[in-house]
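Engineer: Sequence plus the predicted model coming up.
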Amino acid sequence: MTTKDIDESVSTELNRLRESIDNIDAAVVHMLAERFKCTQQVGHLKAAHHLPPADPAREARQITRLRQLAESAHLDPAFAEKLLNFIVAEVIRHHEWIAEESAADQDA
């Protein structure tokens, strides 16, 4: 085997792996979009019933659940928790905005 053959095989494998990563990234984005569609519905339901945007007890259960899932998937549970915290912060921000919009509509 020549150096050229090795470099070409490495390049081919690298490209194959990168294509897989790109596909996974696309799937993650689409899954997050679906998740946010659901959380938007939750936000509207909470606003309609004057419920708080955040639910710390639910969030704690979700963190515990996600950490367990991460461990079973051989993913760093701390990373999974950071990711969920980031997502939940964005969800709460959306819920606060929805509640403000709902209150403004009711005042109008």
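Structural biologist: Received the coordinates, thanks. Quick caveat: nothing in here was measured; it's all calculated off a predicted structure. Residues are numbered from 1 along each chain as shown.
Engineer: Run through the chain and note the low-pLDDT ranges.
Structural biologist: 1-5 (pLDDT under 70).
Engineer: Contacts only, for the closest residue to Ile63 other than its chain neighbours.
Structural biologist: The spatial neighbour of Ile63 that comes closest, neighbours along the chain excluded (Cβ to Cβ, 6 or more residues apart in numbering), is Glu81 at 5.5 Å. C-beta: built from backbone N, CA, C; applies to glycine. Residues near Glu81 by Cβ atoms under 8 Å, 6 or more residues apart in numbering: Ile63, Leu66, Arg67, Ala70.
Engineer: Tell me the one among the residues you listed nearest to Lys37.
Structural biologist: Closest approach between those and Lys37, by Cβ to Cβ: Leu66, at 19.5 Å.
Engineer: Give me the neighbour count for that closest one.
Structural biologist: Using other Cβ atoms under 10 Å, Leu66 is surrounded by 18 other residues.
Engineer: From what I see, it and Lys82 are in contact.
Structural biologist: No. Assessed by Cβ atoms under 8 Å, Leu66 is found out of contact with Lys82, at 10.4 Å.
Engineer: starting at the chain centroid, how far to the one helix or strand the residue nearest to Ile63 maps to?
Structural biologist: Assigned by DSSP states H and E, Glu81 falls within helix 77-107. With Cα atoms, centre = their mean, to the nearest Å as the basis, helix 77-107 stands 12 Å off its chain's centre.
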